Every structure is written in C-alpha cells, then in structure tokens.
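Asker: give me the fold of what follows.
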Amino acid sequence: MKYLRIIFFFLLCAMSTVAWAQPDLPSEEVEVIKIFEAQLAESEKVAVLPELPVVDTSISKQTYDVQPKSIDVDYPAPRLKPITHKSDEEIPEIYKAYFKLGAGLPKSLYGEGAFNTIAKLTEKSALDIGLNLFHHQADFSDSEIENQRFGLTKAEGKATYYSDKGFAVGGNIGYTNNRQSLYGYRFVPNPIYENIEKESVEQTYGIFDFGGRIFNSVQTAGDINYSAGFDLYSMGDDISAANEFGFDLKLKATKWIKGKHSFDIGLRTDFTNFNVSGTDQDLNNFSLTPAFTYHGNSFKIKAGVNLMSSNDEFYPFPDAEVVVNLTGNSLAFYTGVTGDLQKNTFRSLTTYNPYIYTGLPDGSLKNTKYYHVYAGVKGSLKTFEYMIQGGYKPTNELALYFYRFQNDLLSDFDIIYDDWNIINIRASLKATVMKNLTLTGTLSQNIFDGSNSEEFKAWHLPALDVNVLAVYTTSDNKLRAKAQLNLQNGVPANDLGGLNRWTELNGLYDISVGAEYWFVKKFGAFLEVNNLLNNKRERWYSYPTYGVNVLVGITARF
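Answerer: Got it, this is the predicted structure:
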C-alpha cells in the first residue's frame, strides 16, 4: 500500500503540471481533500492437483543404419601361461651323472657311465654337453670251451650349441674297440686243436667316429624345418690289416602347410671305401627322397619316391603309406609300400656277425635291393598298446653267412649273396598288467621263399624271434626288477661234408632276471643273472653261446 501511495502522489503532481500548462483552464485553486488509496480485492486460491500422464504402452520398431568402419587396433598377442596342475606323483629328480660298476662269473668286468649337462650361456642360448663310457669283458676259457672270451669298449662325447638366432650346431666324436676270439676251431672234428694261445685267435676291430650337424632349434618364420649333417668313420682290424672309410652326408628340409601337412625332401650321399691287401672296393650310394604327407581328421596319406643311384646304376623306389583311424586311437589300419638299397659294408657285416672272414674278396661289398609291401593294424587302449603287421619283401643280393674252416685256426664265415623272397609277420604288445608292472612283447616270423635262389638255405638267418620283458618298479622308485624271455629258432647252417649238405642248429631258450635297488638317493646296487636255463645254442656254426653268467655291482648318480 505504501508504494501505491507514492505512485498516486506523483500522478497528481504530473496532472498539476499539465494543468498549469493549458491556458484555457480556469485559474481557480483546487483543494485536495483526501489522497486516493487503491486496494486489490482478496482473491481465492485455486487448488491444482498434479496428475501423471498416461503411459504409452505401444512398441515402435526402430531401424538403424550404421555404416561399417575399419579401425586399426594395436593389440599385442597375449602370452599363454599353463594352469598349475597338482599331481600326486612327485617329479623325479634329474641327475647329471650316472655310473655302474660290476663284476661277475665266469670272469667278467662291467662298467658304464654317462654325464650330461646344459649350460645356459645367455637368456636364449645354451650349450648341451654329454659323455658316454662303456666297457664289458668276459672270459669263459676256464670252462670246457678254450679261448671263449670277448671284450667291448666304447667312448663317445657330444656337444650341441643352441644359438639365440634360432639354429643349433652339434658334433660328436667316439671310439669303439671290439675284441672277439675265434674259438670255433674247438668244434671241428678233424683235426682238433688244443692249448692255443689266445693271441693267435683274437681279432680286434677299432672304429673311430666323427660327425657334425646344424638344424633349426626353434620354429622358423616360414614353417620350414631344416637339417644338414655328416658322419664319417674309419675302421680297421688287426688280423688281415683290412680298413674301411665311410662318409655320409645328409641334407633334409620339411615345409609345413597349415601346421599339419608336410612336404619333405632329402638328399643323401653315402661313400664307402674298403681296402685289404692293396685291393680297393668302393660302394657309393646317392638318394633323393621327395614326399608329401596329408593329414585329415581321421586319416593320413603319404606319397613319395626314393630315387637312388649306386655305381652308375639308377633305382627308383616307391615311398607311400595310408593310415586310417577307424575308432580314434583305439584302432587304426595302415598299408604302404617302400623300397631301398641296404649297404653291406665291412662295418655292417662284422656288426651282425663278428666272426666273418675279414679279408673280403673283391665284390664282397654290395647293396641288398628290396621292396616292401605291408599292411597292419595298431592302436592303444586304456592299459595296452598293440601292433600287428604282415608284409612281403622280394629281395635281391641278400647277404648269407657261409661257414668255412682254414688250417690256420681261423674258423670263420664267408659272405654269399642270393635272391630270396621274404614273407614277414610282426607283432608287438605293451601293457600295464597292474600298478607299477609293465609287460612288453615282440614277435617276428620270417618265411623264406627260395624259388629264385641258388643257395639251398638262407644260411644263418633266423626265422622266428620272440622277446618278452616284464618290469616292476616300486612306488618309491627304489626297486626296479625285470624278467626277460628270449626265443629264437635254430638257424640253418651249411655242412662241410658236401654240396647242399646242411644242418639245423639248436634253438635259443633264454630266461634272464635282474634287479636294481637304491639304498639311498644316490647309491644303490644291481644284480643280473643271465641264461638261467644254461642254453648253449650255436647262433653261428661252431660258436656256442655263453652259459649261465652272473653280474653284480654298485650304481651311483649325482
């Protein structure tokens, strides 16, 4: 109200001013009796109640058109880490050195040792060094067989350098001394030699080995595995002063396609030179082996060829195989065909038969040419693995061992080559019979078909070979016991009485047992009893094998 009064006052003043400005107004005085007071009437307050709007329950389909846009994101690949898995079995401790020393009856000495260590040079490079030593000699001459003795000594060192550049370089060097006694003269009916000095019938082979190799130690960017290496040896014997030199160069590469298919190619040059009494024999083989292997979900197909050349002759061989998994890993069927030239050298022949005539005549070093067509089934179940295979192997120039006797006490064997067709049946089984007990068995049966051969029999080649091994290991790994059964049929041997005269030698029935026990973590003892049945079969004519023999000793590891 106060403000209304002030406004009204100013209005009156303004009207008075206007009135004085108009000349036609009367000049009488105006008396103000009362100032006007303006008032507003009381208004009624209207009550307004708020209400929510009606909910719209209708659904409208919206269409959005979003243009695609490629965004480059720098995302480093994550590093996968294995999930920790707790096992009830303790991880066995790794030892760098192992030694085994023993002696036995008849007079024998045994020694074996190994050392291996990996030295880490940098974060990604290392040096692997190993050394292996072996010695075993036995003398049975106190029994009824004069000069029945042997000795074998081996030493080998190896080293491999793993570079941080993704490749590795390795090398090995070794020496073997194999001493055999030609004691077969004792079983020649006429004449009978006795009290012969052991030096007169002792034959010693000395072999020096050296090799080198380079290969990729990690996966390459192009998924290509490569390797290149060589092996050379020099071998001699002290009776005929024969010596042999061999050099084998091997190159191989594998290209992986999509991580599972592979294309392989290999190149090999294998040189052999044998010299005795000033006469040289050379046997040089060259091979090129390309092959492609395709891996499907439940099958594998390999298609390749083995192209070989030897002494200016060319030999193409197939190299193909098909494997079909019928029920996963439980049952698989496979079939294939291969072929090759197997070298018969002074070293390979004396390794198989240490009693051969070392002054090999010219032409004694040959290749055995063979094809092999085979088929079989294999698989693994919960407690065992198995394999059964049958094959046909036509063979040319198969090495046979023909017995001969010389008046200079050297009772030994000649090498005769002949053509034979071989039907082979093989089987193997490995089973876990019970906890800590493993059973392994192998069987090989050869059927020799001599329809194209000149010789009456496949001299000194076994037809049946059976091996069964049972190994029991205690849960604390302190005791390891084994039992082994070896069976082999009697081999055919030529008779000195005349042409096509032959005899079948007695078979092999050999049962051997052994055990190794660790008294403490690093020291233990072993015991081996071989040929419990005292079977003295003749694997080679006029050379009976050793009877019952025992070996006992100590073991250590560090």
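
Asker: quick one, longest strand in this structure?
Answerer: strand 411-434 (DSSP state E).

Asker: and that strand, what does it pack against?
Answerer: Identification of packing neighbours for strand 411-434 by 3 or more CB pairs under 8 Å, 6 or more residues apart in numbering; DSSP states H and E yields strand 366-380, strand 384-405, strand 437-449. Every C-beta, even on glycine, is put in place using the N, C-alpha and C of the backbone.

Asker: let's have the ones you listed in JSON lines, adding mean neighbour count, distance to residue 353 and mean pLDDT.
Answerer: Output for the helices and strands packed on strand 411-434, formatted as JSON lines (neighbours: other CB atoms under 10 Å; distance: least, CB to CB, whole Å; pLDDT from 0 to 100):
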{"stretch": "strand 366-380", "mean neighbour count": "17", "distance to residue 353": "15", "mean pLDDT": "97"}
{"stretch": "strand 384-405", "mean neighbour count": "18", "distance to residue 353": "5", "mean pLDDT": "94"}
{"stretch": "strand 437-449", "mean neighbour count": "16", "distance to residue 353": "17", "mean pLDDT": "96"}
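
Asker: which stretches of the stretch 1-150 of the chain aren't confidently modelled?
Answerer: 1-92, 142-143 (pLDDT under 70).

Asker: so residue 351 sits in a strand?
Answerer: No - assignment of residue 351 by DSSP: H, G, I helix; E, B strand; the rest coil gives helix, placing it outside any strand.

Asker: neighbours of it, how many?
Answerer: 12 (other CB atoms under 10 Å).

Asker: likewise for residue 534?
Answerer: Neighbours of residue 534 using other CB under 10 Å come to 11.

Asker: quick one, what contacts it?
Answerer: Neighbour list for residue 534: 547-548 [criterion: CB atoms under 8 Å, 6 or more residues apart in numbering].

Asker: separation between it and residue 321?
Answerer: Residue 534 is 44 Å from residue 321, where distance means CB to CB, to the nearest Å.

Asker: now residue 121
Answerer: 41 Å.

Asker: tell me which of the helices and strands packed on strand 411-434 lies nearest to residue 225.
Answerer: strand 366-380 (25.5 Å; CB to CB).

Asker: relative to strand 384-405, how tilted is the closest one?
Answerer: 160 degrees (axes from the mean of the first three to the mean of the last three CA atoms, to 10 degrees).

Asker: related to what we said a few turns ago, and the angle for the longest strand of the chain with strand 437-449?
Answerer: Angle of strand 411-434 versus strand 437-449, following the same axes, to 10 degrees, is 140 degrees.

Asker: what residues of strand 411-434 count as buried?
Answerer: Buried residues in strand 411-434, counted by 16 or more other CB atoms under 10 Å: 411-415, 417-422, 424, 426-428, 430.

Asker: centre of the chain to it, how far?
Answerer: Mean-position distance between strand 411-434 and its chain equals 23 Å (CA atoms, centre = their mean, to the nearest Å).

Asker: do stretch 472-487 as well
Answerer: Distance, stretch centre to chain centre, for stretch 472-487: 24 Å (CA atoms, centre = their mean).

Asker: buried set for that stretch?
Answerer: For stretch 472-487, a neighbour-count test (16+ other CB under 10 Å) marks 472-473, 480-484, 486 as buried.

Asker: for those residues, which one is nearest residue 161?
Answerer: Closest to residue 161 out of these is residue 480 (34.5 Å), distances taken as CB to CB.

Asker: part of a strand, is the closest one?
Answerer: Yes - the assignment for residue 480, made by three-state DSSP, places it in a strand.

Asker: quick check: it touching residue 515?
Answerer: Yes - with contacts defined as CB atoms under 8 Å, residue 480 counts as touching residue 515 at a distance of 6.9 Å.

Asker: who's in contact with residue 358?
Answerer: 203, 237, 239-240, 242, 276, 346, 350, 412.

Asker: just the buried ones among the residues you listed, please.
Answerer: Looks like the contacts of residue 358 have 203, 237, 239, 242, 276, 346, 350, 412 buried, using 16+ other CB under 10 Å.

Asker: next, the fourth one: phi, psi?
Answerer: In this case it means residue 242. phi -80, psi 150 (degrees, to the nearest 10).

Asker: so what's the residue count around residue 93?
Answerer: Residue 93 is flanked by 9 other residues according to other CB under 10 Å.

Asker: quickly check the buried residues of strand 411-434 for the two that are furthest apart.
Answerer: The widest separation within the buried residues of strand 411-434, taken as CB to CB, falls between 411 and 430 and amounts to 40.5 Å.

Asker: stretch 429-449: how far from the chain's middle?
Answerer: With CA atoms, centre = their mean, you get 20 Å for stretch 429-449.

Asker: which residues sit against that stretch?
Answerer: 383-387, 420-428, 457-458, 461-475.

Asker: in stretch 125-136, what's buried?
Answerer: 126, 130, 132, 134-136.

Asker: want to throw those residues into CSV with distance to residue 222 and secondary structure?
Answerer: As requested, these are exported to CSV (distance: CB to CB, whole Å; DSSP: H, G, I helix; E, B strand; the rest coil):
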residue, distance to residue 222, secondary structure
126, 24, strand
130, 31, strand
132, 36, strand
134, 42, strand
135, 47, strand
136, 48, strand
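
Asker: tell me the SS of residue 259?
Answerer: coil.

Asker: in contact with it, which residues?
Answerer: residue 223.

Asker: who does residue 177 bridge with?
Answerer: residue 153, residue 206 (DSSP bridges).

Asker: that one: neighbour count?
Answerer: By the criterion of other CB under 10 Å, residue 177 has 14 neighbours.

Asker: rewinding a little: who has more neighbours out of residue 121 and residue 321?
Answerer: residue 321 (18 against 12).

Asker: CA atoms of stretch 277-289 as CSV?
Answerer: The C-alpha coordinates for stretch 277-289 follow below in CSV (Å, rounded to 0.1, in the frame of the first residue of the first chain):
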residue,chain,number,x,y,z
SER,A,277,96.0,-106.4,-49.2
GLY,A,278,96.2,-103.4,-51.5
THR,A,279,92.8,-104.1,-53.2
ASP,A,280,90.2,-101.3,-53.0
GLN,A,281,86.4,-101.7,-53.1
ASP,A,282,84.1,-98.8,-53.4
LEU,A,283,80.4,-98.7,-52.8
ASN,A,284,78.8,-95.2,-53.2
ASN,A,285,75.1,-94.6,-52.9
PHE,A,286,73.1,-91.4,-53.7
SER,A,287,69.5,-90.8,-52.9
LEU,A,288,66.8,-88.1,-53.4
THR,A,289,63.6,-88.5,-51.4
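
Asker: who touches that stretch?
Answerer: With contacts defined as CB under 8 Å, 6+ apart, stretch 277-289 is touched by 240-241, 264-275, 304-311, 319, 341, 343, 345, 359-360, 362-367.

Asker: please apply the same query to stretch 360-372.
Answerer: Residues outside stretch 360-372 that contact it (CB under 8 Å, 6+ apart) are 242, 272, 274, 276, 279, 281-283, 285, 310, 315, 317-318, 337-346, 349, 391-399, 415, 417.

Asker: for residue 348, helix, strand, or coil?
Answerer: At residue 348 the chain is in helix, as set by three-state DSSP.

Asker: quick one: contacts for residue 153?
Answerer: Applying CB under 8 Å, 6+ apart to residue 153 gives the contacts 134-135, 176-177.
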